[in-house]
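> okay, structure incoming, though there's no sequence with it:
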């Protein structure tokens with residue numbers, strides 16, 4: 001007889017201090033609570049019919065079966081992401097007298113509010129890059145709940161891109177890496193650790209292929225604006241805009257808008273500055289590419305160097321790590337820091353650094 005109860009190994013409840021005293025803090029999801037109440041109403045009148053004798057069992061006799069159906073219902077049909085009131089997490093890598101166990105990548109992914117972060121234009125690229133790194137190397141380390149949150153967030157990102165038509169190239173690269181990883185894992189099932197049923201992963205792969213087709217068929221709507229447009233700006237302002245870009249593909253895409261922007265995007269000095277920003281001079285010497293006239297082709301050099309060396313990453317907003325408290329958090333939401341000068345303890349966390357924090 002299976003034991004249906006709270007796991008005695010759980011760390012217990014979490015408590016927060018308020019003006020009225022200490023109160024218990026729980027993870028919650030409004031949609032789950034609504035479905036829970038609806039399901040309880042249905043379960044109270046549940047009966048089971050056997051194929052042989054059509055015998056009706058009373059509700060109290062099939063309590064275990066009802067609870068199992070209830071659990072399966074939540075697991076299979078829940079689309080919402082479980083989130084927490086506090087948008088920070090304590091990163092501990094070893095057991096202490098006060099804390100047992102360690103923090104995993106999946107736990108951090110569940111606790112930090114990535115679902116809301118994708119709605120912020122400053123954090124969008126950061127979250128997409130993080131999802132891409134997880135897809136490349138850390139997908140098998142995610143728990144079942146973290147997997148569900150991962151694909152729920154990915155679904156919201158795809159819907160957002162299809163609606164506002166912003167950053168489709170980033171999502172295409174992410175889905176390409178994710179589909180490649182899933183194909184390798186599914187083919188090598190049994191040789192690698194893949195949490196979850198193989199049929200679930202096949203369904204996820206089919207969903208990814210559907211997303212890729214939707215993005216491939218995406219048609220950019222022509223903006224109707226009777227006011228000032230980008231083409232109306234003087235050449236020196238357009239040139240300054242191009243010099244602000246840190247991604248070569250963004251420069252190429254902008255150069256396809258008008259013939260004037262194409263001419264400015266082919267400037268050798270522009271690509272030279274871009275190469276100097278991302279790469280060192282020693283790297284230039286190893287990958288010199290000359291044009292037919294004998295000049296250095298900085299545009300081709302940029303893309304050649306990009307394949308060999310990592311480029312500098314720029315994000316409007318990132319996660320931060322407090323060295324004093326060992327807490328990972330979003331800077332605008334903050335965390336309960338006990339340092340005398342908290343600002344000196346904060347350190348921005350790149351997507352790769354986020355992954356490295358949970359490598360043991």
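Sure thing, it's come through. On a predicted model such as this, the values are computed, not experimentally measured, just so you know.
> for residue 183, give me its contacts.
residue 205 (Cβ atoms under 8 Å, 6 or more residues apart in numbering). No exception for glycine: its C-beta is placed from N, CA and C like everyone else's.
> check which helix or strand covers it.
helix 168-187 (DSSP states H and E).
> equivalent analysis for residue 263, please.
helix 259-265.
> so which elements touch that helix?
helix 235-243, helix 248-255 (3 or more Cβ pairs under 8 Å, 6 or more residues apart in numbering; DSSP states H and E).
> what is the mean pLDDT for the longest one?
The reference is to helix 235-243. Averaging pLDDT along helix 235-243 gives 91.
> please apply the same query to the last one.
Averaged across helix 248-255, pLDDT comes to 89.
> got it, and stretch 21-40?
54.
> next one: stretch 178-192
79.
> now that stretch: buried residues?
Residues 178-179, 181-182, 185 are the ones in stretch 178-192 that count as buried (16 or more other Cβ atoms under 10 Å).
> spatially central residue in this structure, please.
Among the residues of the chain, the one closest to the centroid is residue 131, at 3.8 Å (Cα atoms, centre = their mean).
> the spatially closest residue to that residue that is not a sequence neighbour and residue 351, how far apart?
Nearest non-adjacent residue to residue 131, counting by Cβ to Cβ, 6 or more residues apart in numbering: residue 174, 5.9 Å away. In this view, residue 174 and residue 351 are 12 Å apart by Cβ to Cβ, to the nearest Å.
> out of those two, which sits in the more crowded spot?
Neighbours per residue (other Cβ atoms under 10 Å) separate residue 174 from residue 351, with residue 174 holding more: 24 against 21.
> report the contact partners of the more buried one.
Listed by Cβ under 8 Å, 6+ apart, the contact partners of residue 174 are 128, 131-132, 135, 154.
> recalculate using a threshold of 7 Å.
Listed by Cβ atoms under 7 Å, 6 or more residues apart in numbering, the contact partners of residue 174 are 128, 131-132, 135.
> what of residue 254?
Neighbours of residue 254 in contact, by Cβ under 7 Å, 6+ apart: 242, 261, 265.
> got it, and residue 184?
Counting by Cβ under 7 Å, 6+ apart, residue 184 has no contacts.
> against residue 201, how distant is it?
11 Å.
> the helix holding residue 183: what's the following helix or strand?
Past helix 168-187, the next helix or strand by DSSP H and E is helix 198-216.
> what comes up buried for that next one?
For helix 198-216, the buried set under the neighbour-count rule, 16+ other Cβ under 10 Å, comprises 200-201, 204-205, 208, 211-212, 215.
> same thing with stretch 116-130?
Here stretch 116-130 shows 117-118, 123-130 as buried, counting by 16+ other Cβ under 10 Å.
> go on, stretch 329-336?
For stretch 329-336, by 16+ other Cβ under 10 Å, it's 329-330, 335.
> ok, back up a step: now pLDDT and distance to residue 150 too, for the buried residues of helix 198-216, in TSV please.
Listed next are those as TSV, based on pLDDT from 0 to 100; distance: Cβ to Cβ, whole Å:
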residue	pLDDT	distance to residue 150
200	86	13
201	86	12
204	90	10
205	90	14
208	93	12
211	93	14
212	92	17
215	90	18
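> where does the protein have low pLDDT?
Residues of the chain that meet the criterion pLDDT under 70 lie in 1-13, 25-85, 93-102, 189-193, 223-226, 360.
> next one: the nearest residue to residue 262 once chain neighbours are set aside relative to residue 321, how far apart?
In space, not counting the residues next to it along the chain, residue 262 is nearest to residue 255; the distance is 4.4 Å by Cβ to Cβ, 6+ apart. Shown here: residue 255 relative to residue 321, a distance of 38 Å by Cβ to Cβ.
> now residue 310, what's its secondary structure?
coil (DSSP: H, G, I helix; E, B strand; the rest coil).
> cool, and the one 3 residues further on?
Of the three states, residue 313 takes coil according to three-state DSSP.
> burial check on it, number of neighbours?
Neighbours around residue 313, by other Cβ under 10 Å: 15.
> that one contacts residue 350, correct?
Yes: the criterion here is Cβ atoms under 7 Å, and residue 313 meets it with residue 350 at 6.2 Å.
> which of the helices or strands spans residue 89?
Using DSSP H and E, residue 89 falls in strand 88-90.
> in its sheet, what does that strand sit against?
Paired strands of strand 88-90, with direction, are strand 327-330 (antiparallel) (DSSP bridges).
> tell me who's in contact with residue 298.
If you count contacts by Cβ under 7 Å, 6+ apart, residue 298 has them with 268, 271-272, 275.
> looking at the residues you listed, which is nearest residue 145?
residue 275 (43.6 Å; Cβ to Cβ).
> show me what whichever helix or strand the closest one is part of is packed up against.
Remark: residue 275 resides in helix 268-278, with elements defined by DSSP H and E. Counting contacts by 3 or more Cβ pairs under 7 Å, 6 or more residues apart in numbering; DSSP states H and E, helix 268-278 packs against helix 235-243, helix 298-308.
> I'm done for today, thanks for sticking with me.
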